[in-house]
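kindly return the folded structure for what I paste below:
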Amino acid sequence: MNCFCLGNLDDLEFIKESFNILSEPNRIKILCILWKNEKLCVCEIEKVLNLKQNLVSHHLWIFKRIWLLKQERIWTSIYYSINPETYTKLKNLVWTIFNF
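All right, here's what the predicted structure looks like:
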C-alpha cells in the first residue's frame, strides 16, 4: 500500500478533518451506536446517549462534512447510517499512518 503522506493532499486534508471530527467523545459514541444498529433516527440516538436533540443533530451534521454518514428519509424521520465507502477509506488511511 502506498503511503498517502507522500503527496496526496486530498487524503491529508481528509484525514486531518476526520481526526478533528472524531476528537469529540460524543461523536465516537454516535459512530459506535450506528455501527451496532445500522440505521437510527436522531430521536433514537438522543435517547441512547441522553443528549438533547439539537446537539445530536449538530454532531450528525458535522459527520456529513466528510461523508461518513448516509441519510435516508422514511416518512417524516431521517435515518442515519455509516457510509461504508467513506468508512473504508478512513480505516485504510488510519492503517497506513500507523503502519509505514
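
from here on, just use CA atoms for contacts and neighbour counts.
Fine.

sketch out the strands for this structure, chain order is fine.
40-41, 69-74, 77-82 (DSSP state E).

output the ones you listed as JSON lines; include the columns distance to Lys89 and mean neighbour count.
Output for those, formatted as JSON lines (distance: least, CA to CA, whole Å; neighbours: other CA atoms under 10 Å):
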{"stretch": "strand 40-41", "distance to Lys89": "22", "mean neighbour count": "18"}
{"stretch": "strand 69-74", "distance to Lys89": "13", "mean neighbour count": "15"}
{"stretch": "strand 77-82", "distance to Lys89": "12", "mean neighbour count": "17"}
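
turn the ones you listed into JSON lines, including distance to Asn54 and mean pLDDT.
Formatted as JSON lines, the strands of the chain follow (distance: least, CA to CA, whole Å; pLDDT from 0 to 100):
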{"stretch": "strand 40-41", "distance to Asn54": "13", "mean pLDDT": "94"}
{"stretch": "strand 69-74", "distance to Asn54": "17", "mean pLDDT": "94"}
{"stretch": "strand 77-82", "distance to Asn54": "14", "mean pLDDT": "94"}
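
in a markdown table: the ones you listed, plus distance to Glu13.
Shown next, in a markdown table, are the strands of the chain (distance: least, CA to CA, whole Å):
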| stretch | distance to Glu13 |
| --- | --- |
| strand 40-41 | 28 |
| strand 69-74 | 18 |
| strand 77-82 | 20 |
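
out of those, which comes closest to Phe19?
Between Phe19 and these, the tightest spacing by CA to CA is seen for strand 69-74, at 15.3 Å.
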